[in-house]
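Asks: test case, fold it:
(chains A and B)
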Amino acid sequence: MKEHEGKYVLVVEGAIPTKENGIYCQIAGRTAVDILNDVAGKAGAIIAIGSCASWGGIPSADPNPTGATGAPMILKGKTVVTIPGCPANPYNLLGTVLQFATLGTLPALDEKGRPKFAYGRTIHEHCPRRAHFDAGRFVQKFGDEGHRQGWCLYKTGCKGPATHANCSVQHFGEVPDAWPIGVGHPCFGCTEQALAFRVPLHTTVDIDRATPPDTYAPLHAPMGKAAPVAAGVGGLVVGALVGAGWAASKKLGTTEEQASKEPRKEA
Amino acid sequence: MTLDRRSLLTGAAATAAAAVTAATVPAEASVKTAPPDAVGLLYDTTLCIGCKTCVVACREANDKKPDTSNSNGLWDAPLDLNGQTKNIIKLYKDPDSPVRSYFKSQCMHCVDPACVGACMIGALQKREKGIVTYKQEYCSGCRYCQVACPFEIPKFEWSSKAPLMVKCELCNHRLAEGKLPGCVEVCPRHAVIYGTREALLAEAKKRIADHPDRYRGYKDGDPPRVFGETDGGGTQCLVLSHVPYEKLGLPDLEETSHAGVPRSIQHGVYQGFIAPLALYAVLGAVVFRNKRAQDKDGGAA
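Replies: Residues are numbered from 1 along each chain as shown, chains lettered A, B, ... in the order given. Next up, the predicted model:
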């Protein structure tokens, strides 16, 4: 470590417990927080791999008894490349490390420290089942006809529309279709702190920026027609108002005439 | 104060008189020609593939949110132009044949626009390059433009607390930066192109001349022609189609604009706001006279 100070790459794995001064994770009597601060201080680049190291992962799920959190939350002020995922895609680690090793630079990162080359867009934007979403062909429940046909899993709780990751184009370990949607399961949202282990598995998420479906507006927008009963009621109301107005104006005239005949009392 | 029948009638008579004055203001000559630098779009249904990229681009260019109100938040799927949609791709399906056509619905930027004629304060006007633009500070929210437009284009922001009128303004903010309108920039097949009206008209006529069997006229069997060359006095946005324009929902308009009729009333009655002020003055005088008569009456008794 001393020999390569300032040059080595630190890859952090796992969440770091912070409660009770971090006593829930110790190695040879040193807490994980202590070791992390020590090793990260002399590293040339810091990479947090997996959702646990990136933002806490499963250990940080409620009620989080150990106060588990990710490396960026402890190493405040330092650049920490996060490669969330449960598990993280090895290619994204490889890409980041190779760039540092060959060019000495880190990839462009988003506001959560994730390399944009891998986490720049949502699963939904590049999903192989997207055509089914646009056409409104949804799996309603597991094992139904749509599920067998490989339709969109949004209604079964797919978090793809809110999850930034490249799973859909870089299948896990280069095995074709080795990722949740590829095997017929909705995306779990494992790269997102706001979703994974927080939003129930089969709860649907909001569509962040909706795009047009595979259908078209008709030439003439449909308009409701007045039902005969409604027209009749409307006519009655209008008629009553007209009648009342006429009666009122007549009354106005009479009271005026009476008023002019009788001397005013207050005067 | 009591209201008597006489003052009611007097008020009504004054209003009627004002209306008559308005109706007798001579109509302006309604045959207008496009300004020499008039720009517009040419939309060709034979090239459009219905990808709706222009719909998305229009939203981004005009800072409008996707309309997901009809789809439970899933899709940007407006049923028509509306307060947050200035451009939409519609689908025509022939009931008797497999013929289909997309249709890009948006402001046609008329040479003599009815909406401008109907707009009493001048929020909607033909400004630079003949583009019909909207200035919200002059809009009273009367929505006469919505009623006047033969293409049913201007839409009201019904969902807003301070609603404005919404319609295509040909991305004039982008034109000022030297960019193309949003829809034109992204169209993958150049189904909609931007240019001067003159150049677009020449291009459209050339397309018809090159492929006379590809295009249609207004009705089935009509010789092919460019929609917007003369329709309703002409429009700056032009359409070419492989389906008769009638079927695309385009209105059957005469060769002269009817904008002169609403214009003579709206721009006559509201000219300098004199007539409304005069009407209020008459009403005020009636009220004042009655009040004085009543006070006198009361004093005498």
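Asks: now the strands for chain B?
Replies: B:39-44, B:88-93, B:100-105, B:124-126, B:132-134, B:155-156, B:165-166, B:192-196, B:238-240 (DSSP state E).
Asks: who touches the fourth one?
Replies: Read that as strand B:124-126. Outside strand B:124-126, the residues within contact range by C-beta atoms under 8 Å, 6 or more residues apart in numbering or on different chains are B:P35, B:P113, B:C115, B:V116, B:C119, B:V132, B:T133, B:Y134, B:K135, B:C145, B:P154, B:M165. (C-beta placed from N, C-alpha, C; glycine too.)
Asks: returning to that earlier point: put together a markdown table for the strands of chain B, with distance to A:A217 on each row.
Replies: Below are those laid out as a markdown table (distance: least, C-beta to C-beta, whole Å):
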| stretch | distance to A:A217 |
| --- | --- |
| strand B:39-44 | 16 |
| strand B:88-93 | 5 |
| strand B:100-105 | 8 |
| strand B:124-126 | 24 |
| strand B:132-134 | 23 |
| strand B:155-156 | 13 |
| strand B:165-166 | 16 |
| strand B:192-196 | 17 |
| strand B:238-240 | 17 |
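Asks: in CSV: those strands, plus mean neighbour count and mean pLDDT.
Replies: Shown next, in CSV, are those (neighbours: other C-beta atoms under 10 Å in any protein chain shown; pLDDT from 0 to 100):
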stretch, mean neighbour count, mean pLDDT
strand B:39-44, 26, 97
strand B:88-93, 19, 95
strand B:100-105, 21, 96
strand B:124-126, 21, 94
strand B:132-134, 22, 96
strand B:155-156, 20, 96
strand B:165-166, 22, 96
strand B:192-196, 19, 97
strand B:238-240, 24, 97
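Asks: which of these sits closest to A:E13?
Replies: The closest of those to A:E13 is strand B:88-93. By C-beta to C-beta, the value is 49.5 Å.
Asks: is the closest one in proximity to chain A?
Replies: Yes - contact of strand B:88-93 with chain A is found when judged by C-beta under 8 Å from any C-beta of the partner chain, involving B:I88, B:I89, B:K90, B:L91, B:Y92.
Asks: return stretch A:143-151 as PDB; C-alpha atoms alone will do.
Replies: Once side chains and other backbone atoms are set aside, the C-alpha atoms of stretch A:143-151 remain, and they are given as PDB (Å, rounded to 0.1, in the frame of the first residue of the first chain):
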ATOM      1  CA  GLY A 143     -47.800 -17.300 -16.500                       C
ATOM      2  CA  ASP A 144     -50.600 -15.700 -18.500                       C
ATOM      3  CA  GLU A 145     -50.600 -15.600 -22.300                       C
ATOM      4  CA  GLY A 146     -48.800 -12.300 -22.500                       C
ATOM      5  CA  HIS A 147     -46.100 -13.600 -20.200                       C
ATOM      6  CA  ARG A 148     -45.500 -16.500 -22.400                       C
ATOM      7  CA  GLN A 149     -45.400 -14.200 -25.400                       C
ATOM      8  CA  GLY A 150     -42.700 -12.000 -23.800                       C
ATOM      9  CA  TRP A 151     -44.800  -8.900 -23.400                       C
END
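Asks: mind listing the strands for the stretch 1-150 of chain A?
Replies: Assigned strands in the stretch 1-150 of chain A, in chain order: A:9-13, A:16-17, A:26-27, A:30-31, A:45-49, A:68-69, A:80-83 (criterion: DSSP state E, counting those that start in this stretch).
Asks: so which of those strands is nearest chain B?
Replies: In this view, the strands of the stretch 1-150 of chain A are compared for proximity to chain B by C-beta to the nearest C-beta, and strand A:80-83 is the closest at 29.2 Å.
Asks: helices or strands up against the closest one?
Replies: Taking 3 or more C-beta pairs under 8 Å, 6 or more residues apart in numbering or on different chains; DSSP states H and E as contact, the helices and strands that strand A:80-83 lies on are strand A:45-49, helix A:50-55, helix A:71-74, helix A:90-103.
Asks: neighbouring strands - and their directions - for that strand?
Replies: According to DSSP bridges, the neighbouring strands of strand A:80-83, each with its direction, are strand A:45-49 (parallel).
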